[in-house]
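Peer 1: return atomic coordinates for the entry below.
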Amino acid sequence: MENIQHLTFNIERRSVAGTRMLKRWALNVQCSMLNVLLSMLLLAPLLLHAQTPPTVLPGSLMQLQITQPAVDVASPVTATATFDPPVTQVGAKTFYRVTVDATESSIEWPGKIPAPLFLLPGAKTQGQVMQTVNGQVRPLTAFLYEVTPTTTGRFTIPEFKVRAYGQNVTIPAADLEVNSENAAPVTPPRQLVLEVSETNVFLGEPFRVRVMLPSSPANEIEALRETQLNGDGFITDKTATRQSVQTINYNGQLKPMFIFETTVTPIATGPLTISAQAFTAGREFSGQISITGQVVLPGGAARYVFLVSDPVAIKVRPLPSAGELPGFTGAIGKFIMDPPLLATNRLRVGEPVQLKVGFHGEGNLARFVPPEPPRDQRWQIIANRPQFTGYTLIPLTDEVQTTPAIPFSAFDPETGKYVDLTIPALPVTVTGEGLPVEIRAFDEAKTNTPLKLSDLTMTTGKTATRLKPLQLQGWFIGVQLVPLIGFIALWQWDRRRRFLASHPEIVRRRKAKRDLRREKIKLQQAVAAGEAAAFTQHAVSAMQIAVAPHFPAHPQALVCGDVLSLLKESERNRETVRKMFAAADSQFAITQPTQAHLLSLHSEVEAVLQQLEARL
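Peer 2: Predicted coordinates:
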């Protein structure tokens, strides 16, 4: 009892000591955490100043890593339909505009809309822009028709339905009031202005195109988005675009305009037309823009209105083939070549030297293609690409005294003639210093003594009957077809093997026919020799082989009843089968009967075998 009390006292004392140690450890941890927190608060300004994130420039590659807003395609699709302007005159132009907040590819627009007879719309123009609504990107598609009414009245294009995202969307009705020509003037429709620098150009001649948006009646300037040039036979240079805001004389008055300027190159000849389309974007300017004068920007959210311009006719003429000079690479314009500059005019054989050539003038220098260097056995010429700055020349002999002339020409559209811009030859001095002695001695010997074949070899090499390559000879095509024929044969063999593996009854019937033919030969030999026992044995074996595929079973496992089950025509044949099987079974009897009379059943046995073979 005393031991138990002593043990209990020790346990209680140790538990009290452990509790004191845990409390002391927890107090130390709390003090350490408090010290760390105070240190972080004191060093926070320094850390924030030292870890200031780098500035991300707009349009850099870092923009790709910024989380973009999600595209909203789940909200209900809505549509609007209006005339711009809603009141017009007879013969005046107005636009029927439909906007649907869905992607352009998802809208199943009808080929013909329901319109009154005197209000038939013209050609359709469509476009798409992405707008930000409540932090999400939502597509907006617009369809625009040009309408020119021919009579007065009030006309209505009734509502109709289209499919978007697999659902029906109702296009509301739109009204248009048409007054007479003598009525009060109406507000003209708002549209883009398209200007081209040239309307009569040559094929491949670049010209400038300006898409302009006049300011609103309140002189507010709006930006343009998704600007696009429409027309077949043109290529737009995306790298030569420029945006600006300028004051231009428009319809007899100075008016601020937003200008989108680019370069267009025709790639087809004949009469062509070009037009422009874009969305107004309020003050959402994108990219670099130069502004001249005072500008009034609209407030509030941007209103995306789809606008088009009147088409402009362009006549494209082909380049004349007469008078074309060497070295023409498609350069069209007025170009002037600067004097070529050679890095040095004292060279050594094999030493490269830089030849700098510069061109300037009026034309698309961005698509300037330099002339191809000529082939010269005395020089190795390499054009400096991808950005052309000149050529690298390497002399191959010390006999040259000038650099090679490089032919080049351009077409001047003003005169309609080709202009020679050949890069002239420049004088140089090439020495053979530093070449091995053996090479110089070989060159001297080559110039003094003619080289003979007997000096190089004592025996003749292989001879050839013709110089025509093997690839061009007729049998070479046949050799190329051998692998194909082998592959086809192997494929057919594997196909046949798979077919027979799926239909084993065909294999059994074929094997039975082969074995039956062998047994019938042995049967004929036994009849000719007069051996009744052999005749009986071969006849029974032939019958078993002929009926084995029908069960299927091994021929030796079949009995008389199996053969009789396949003979249902005459009782005579069935009796012959019984006699042959009975004679074959008699070999196991104690006293074997005479079988000589069975040879007379040869014809009946042949009839039975023919009947069984016909069923294989």
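
Peer 1: is the most centrally placed residue in the chain in a helix, a strand, or coil?
Peer 2: Per Cα atoms, centre = their mean, the C-alpha nearest to the average position across the chain is that of residue 105, at 18.8 Å. Following DSSP: H, G, I helix; E, B strand; the rest coil, residue 105 is assigned to helix.

Peer 1: distance-wise, check it relative to residue 541.
Peer 2: 78 Å (Cβ to Cβ, to the nearest Å). C-beta coordinates here come from the backbone N, C-alpha and C atoms, glycine included.

Peer 1: ditto for residue 77
Peer 2: 85 Å.

Peer 1: now swap in residue 330 and tell me
Peer 2: From residue 330 to residue 541 the distance is 91 Å (Cβ to Cβ).

Peer 1: which of those two has more residues huddled nearby?
Peer 2: residue 541 (19 against 13; other Cβ atoms under 10 Å).

Peer 1: was I right about that one contacting residue 554?
Peer 2: No: with contact defined as Cβ atoms under 8 Å, residue 541 and residue 554 do not form a contacting pair (11.9 Å).

Peer 1: show me where pLDDT drops low in the stretch 251-400 of the chain?
Peer 2: Low-confidence segments of the stretch 251-400 of the chain, defined by pLDDT under 70, are located at 366-367, 386.

Peer 1: gap between stretch 241-258 and the chain center?
Peer 2: How far stretch 241-258 lies from its chain's middle: 41 Å, per Cα atoms, centre = their mean, to the nearest Å.

Peer 1: quick one: buried residues of it?
Peer 2: 243, 244, 245, 256, 257, 258 (16 or more other Cβ atoms under 10 Å).

Peer 1: send me it as CSV with only the CA atoms.
Peer 2: Taking Å, rounded to 0.1, in the frame of the first residue of the first chain, the C-alpha atoms of stretch 241-258 are listed here in CSV:
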residue,chain,number,x,y,z
THR,A,241,-0.6,51.8,-90.7
ARG,A,242,-0.8,55.2,-89.1
GLN,A,243,-3.5,56.8,-87.0
SER,A,244,-4.0,60.6,-86.6
VAL,A,245,-6.5,63.3,-85.9
GLN,A,246,-6.4,66.3,-88.2
THR,A,247,-8.5,69.1,-89.4
ILE,A,248,-9.4,68.6,-93.1
ASN,A,249,-11.5,70.6,-95.6
TYR,A,250,-14.5,68.4,-95.9
ASN,A,251,-17.5,69.5,-98.1
GLY,A,252,-16.3,73.1,-98.0
GLN,A,253,-15.7,73.4,-94.3
LEU,A,254,-12.8,72.6,-91.9
LYS,A,255,-13.7,69.6,-89.9
PRO,A,256,-11.7,67.5,-87.4
MET,A,257,-11.4,63.9,-88.6
PHE,A,258,-10.0,60.6,-87.3
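
Peer 1: which outside residues touch it?
Peer 2: 193, 212-215, 219, 221-224, 259-262, 285, 287-293, 295-296 (Cβ atoms under 8 Å, 6 or more residues apart in numbering).

Peer 1: separate out the buried members of these.
Peer 2: Buried among the contacts of stretch 241-258 (16+ other Cβ under 10 Å): 193, 212-215, 221-224, 259-262, 285.

Peer 1: re the thing from before, which one of the buried residues of stretch 241-258 sits closest to residue 548?
Peer 2: residue 243 (92.7 Å; Cβ to Cβ).

Peer 1: what's the following helix or strand after whatever helix or strand that closest one lives in?
Peer 2: Using DSSP states H and E, residue 243 maps to strand 234-250. Note on strand 234-250: by DSSP H and E, the next helix or strand toward the C-terminus is strand 253-266.

Peer 1: now the angle from the next helix or strand after that following strand to strand 234-250?
Peer 2: Downstream of strand 253-266, the first helix or strand assigned by DSSP H and E is strand 270-280. Calculated by axes from the mean of the first three to the mean of the last three Cα atoms, to 10 degrees, strand 270-280 forms an angle of 70 degrees with strand 234-250.

Peer 1: go through strand 270-280 and flag the buried ones.
Peer 2: Within strand 270-280, the residues that count as buried by 16+ other Cβ under 10 Å are 272, 274, 275, 276, 277, 278, 279, 280.
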